[in-house]
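Engineer: sequence plus the predicted model coming up.
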Amino acid sequence: MTDQRFDHILSLMERFKLDAVVLNPGSSLTYLTGLDFHLMERPTVLILKKGTNPILVLPELEKEKLSSSRLSLTPVTFQDDPSLWQKAFNEAAEKCGLNSCIIGVETTKLRFLELDLLQKAAPQARFVDAQKLFSDLRLQKDSSEIACMQKAVDIAQDALRATLPMIKVGVTEREIASELVINMLRLGNDPALPFAPIVSGGPNSANPHATPSERKLSSGDLLVIDWGAAYKGYFSDLTRTFTIGAIDDELKTIHQTVLAANEAGRKTGRPGINAGKVDDAARAVIEKADYGQFFTHRTGHGLGMEEHEAPYIFAANDLILDEGMVYTVEPGIYLPGRGGVRIEDDVVITADGSRSLSDLPRELIVLP
């Protein structure tokens, strides 16, 4: 069975001089097979070895999922008794001749549970870091993937529009977050969100990764909302900043500065330049305004089947941007004890430049 994604990973294995790769449940396994498994106490592992049919070691109760796989897979199943799991892994390793191979693993995903079973099944094999291979595998999105991400952006933006009327003085951060989640689900979000929304008002907005609290909004607050939707396994990730009534002049200034930095970052991306140049462009605007010390994180991160994936948008990243890469542009300024501003958009590299998938107004919007 010929499959473009499978052919791609085989070519990457050749480039990285790997005999095989192993994957447990996660985005890369889903990307290759179309199957969605969750990590649980029972192990599930996909084994890809050059010259053999892909093998999936999985619990017997999950076997029916294989009928919808985009790849032809050889199943090796086991019952619930953990004492039988090693036998299944031994069988899989023997079927594909895994012993003595150089085997690539996704270091941020593979658990000790699966690694231990694999090492015992193939004691002569060498397991190596293949994180770069898996980053390259999903780095450039095709048109169908970008269409799913556009839909995820649309769901997120429409959900925020539906939520804005309930935001006013006296409403808590947690109430806003809950309403936003409900609206995303109503509008067609996947059963699970890519991440829990960040809703932070007043001094809390100076914490880039604040957790929604029972704090009630007050007049004069900045309000940062960072949220995203999921559609067919692909994510969006957006941030907008609002005010509750009037704010002081410096808070207006930092919003204008972040707005300009966001625009600079969005406009810089194009094929052939380093990812770090996007960070440079956004950061230069903030540093020129003398707020550089209050911009405490990278300008962005890649986006796709994970909330954070390659390409990462930080100054030292010399990765060359190319068509189909998708990433966030999210500069921010955070004044401790007072408030913060972040404006985030999802950008895709096109054949001759870049475009933003998100178009929700970025200007400062005053809410009651």
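Structural biologist: Yep, that arrived. Numbers count the residues shown, from 1 in each chain.
Engineer: residues in contact with the residue most central in space within the chain?
Structural biologist: Centroid-nearest residue in the chain: residue 307, 1.7 Å away (criterion: CA atoms, centre = their mean). Shown in contact with residue 307 (CB atoms under 8 Å, 6 or more residues apart in numbering): 194, 195, 228, 235, 237, 301. (C-beta placed from N, C-alpha, C; glycine too.)
Engineer: switch to 6 Å and redo it
Structural biologist: By CB atoms under 6 Å, 6 or more residues apart in numbering, the residues touching residue 307 are 194, 195, 235.
Engineer: do residue 138 as well
Structural biologist: Applying CB under 6 Å, 6+ apart, we find residue 138 in contact with 31, 304.
Engineer: distance check, it against residue 301.
Structural biologist: Taking CB to CB, to the nearest Å as the measure, residue 138 falls 14 Å from residue 301.
Engineer: that older thread, closest one to residue 219 out of the contacts of residue 307, please.
Structural biologist: residue 195 (29.4 Å; CB to CB).
Engineer: the closest one and residue 260, how far apart?
Structural biologist: 27 Å.
Engineer: give me the more crowded residue out of the two.
Structural biologist: More neighbours surround residue 260 than the other of residue 195 and residue 260, with 17 against 14 (other CB atoms under 10 Å).
Engineer: in helices only, show me the contacts of residue 307.
Structural biologist: Among those, no residue falls in helices (DSSP state H).
Engineer: of those residues, closest to residue 218?
Structural biologist: Among the contacts of residue 307, residue 195 lies closest to residue 218 (CB to CB), at 26.3 Å.
Engineer: so where's the chain shaky on pLDDT?
Structural biologist: For the chain, the stretches with pLDDT under 70 are 1-2.
Engineer: so which residues of it form helices?
Structural biologist: 4-15, 27-33, 85-96, 112-121, 131-137, 143-163, 173-186, 249-268, 275-288.
Engineer: state the number of residues packed around residue 87.
Structural biologist: 12.
Engineer: quick one, what contacts the nearest residue to it once chain neighbours are set aside?
Structural biologist: Once flanking residues are discounted, residue 87 sits nearest to residue 78: 7.3 Å by CB to CB, 6 or more residues apart in numbering. If a contact means CB under 6 Å, 6+ apart, then residue 78 has 84, 85, 88 as its contacts.
Engineer: quick check on those residues: which are buried?
Structural biologist: The neighbour-count test (16 or more other CB atoms under 10 Å) marks 85, 88 as buried among these.
Engineer: wait, which of the contacts of residue 78 is closest to residue 295?
Structural biologist: Distances from residue 295 to those, taken by CB to CB, are shortest for residue 85, at 48.4 Å.
Engineer: who are the contact partners of that closest one?
Structural biologist: Taking CB under 6 Å, 6+ apart as the definition, contacts of residue 85 comprise residue 78.
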